[in-house]
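Enquirer: have a look at this prediction, sequence included:
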Amino acid sequence: MKTRFWELYGPDKLSKCAEWVQEDMDLETIECPLNPDHRGAGSRLTDLSVWLTTPRVENFVWTWQSECLIQDHVLQFFRTQGFTGYEVKPVKASFTKKSDQQPPKLWEVVVTGWGGIAPEESGVKLTYVCEGCGYCKYTGYSHPEKLIDEKQWDGSDFFMVWPMPNFIFVSDRVATAIDQEGFSGVQLIAPGDIEPTDSLRPGRLRWCMPDARAREIGEPLGIY
């Protein structure tokens with residue numbers, strides 16, 4: 001592998017995605033004082049509770065909302081390797097169909113590493129900010145190979161680039177280890193191979209990162 005950074009992505013996501021157990025989930029409600037169209041859900045206030053749609057559970061599991069879940073043995077491997085830039089939260093998992101076996105222990109990967117703001121050379125530009133609720137809209141990226149500015153990267157093995165909080169980027173060290181271990185349920189995508197998009201609506205950083213870390217990074221940038 002010669003690529004410096006990679007994106008973690010779930011293969012065949014449409015057929016294998018875990019589904020939220022809606023009655024177990026609690027979300028922050030956002031109400032904009034200036035624009036009623038900006039009303040919606042913010043931070044998730046509860047740990048994940050998911051339905052697993054197949055009894056064959058991969059090492060990596062992905063939800064429809066792009067959350068990344070890993071089995072316990074994967075977490076232990078990550079810890080022995082000393083990977084940085086992430087925390088984990090426990091996941092409650094159940095099978096959609098009755099089964100004699102119990103679901104494996106799963107953890108949600110929460111990225112705390114920082115790769116900075118996507119450079120304008122990538123095509124990403126801020127086009128709108130709501131003064132009432134902070135809702136932001138950006139153009140999409142037309143040159144994904146330029147999304148990561150290494151000068152802004154904090155050196156973490158797991159990191160995000162704004163305004164793409166649902167994209168999990170990793171160092172080559174992580175990518176090489178995942179490839180060598182043969183973990184299932186995950187692909188490694190070179191940034192240049194990420195499919196371009198027209199627009200991005202990322203929400204706020206605190207919706208996807210632990211509050212203290214989100215405040216540290218986001219307040220100076222106006223994205224907390």
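Expert: Perfect, thanks for sending it. Numbering: from 1, shown residues only.

Enquirer: any stretches of the protein with poor pLDDT?
Expert: 1-2, 12-15 (pLDDT under 70).

Enquirer: so which strand or helix has the most centrally placed residue in it?
Expert: Centrality entry for the chain: nearest residue to the mean C-alpha point is Asn166, 3.4 Å, by C-alpha atoms, centre = their mean. Using DSSP states H and E, Asn166 sits within strand 164-171.

Enquirer: how about that strand as PDB, C-alpha atoms only?
Expert: In PDB, the C-alpha atoms belonging to strand 164-171 read as follows (Å, rounded to 0.1, in the frame of the first residue of the first chain):
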ATOM      1  CA  MET A 164     -17.500  15.100   6.300                       C
ATOM      2  CA  PRO A 165     -18.000  13.900   9.800                       C
ATOM      3  CA  ASN A 166     -19.400  10.500   8.700                       C
ATOM      4  CA  PHE A 167     -16.300   9.600   6.800                       C
ATOM      5  CA  ILE A 168     -13.700   7.700   8.800                       C
ATOM      6  CA  PHE A 169     -10.200   8.300   7.600                       C
ATOM      7  CA  VAL A 170      -7.300   6.200   8.900                       C
ATOM      8  CA  SER A 171      -3.500   6.200   8.600                       C
END
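
Enquirer: give the next helix or strand downstream of it.
Expert: helix 172-181.

Enquirer: and that following helix, what does it pack against?
Expert: strand 5-9, helix 72-81, strand 187-189 (3 or more C-beta pairs under 8 Å, 6 or more residues apart in numbering; DSSP states H and E). C-beta: built from backbone N, CA, C; applies to glycine.
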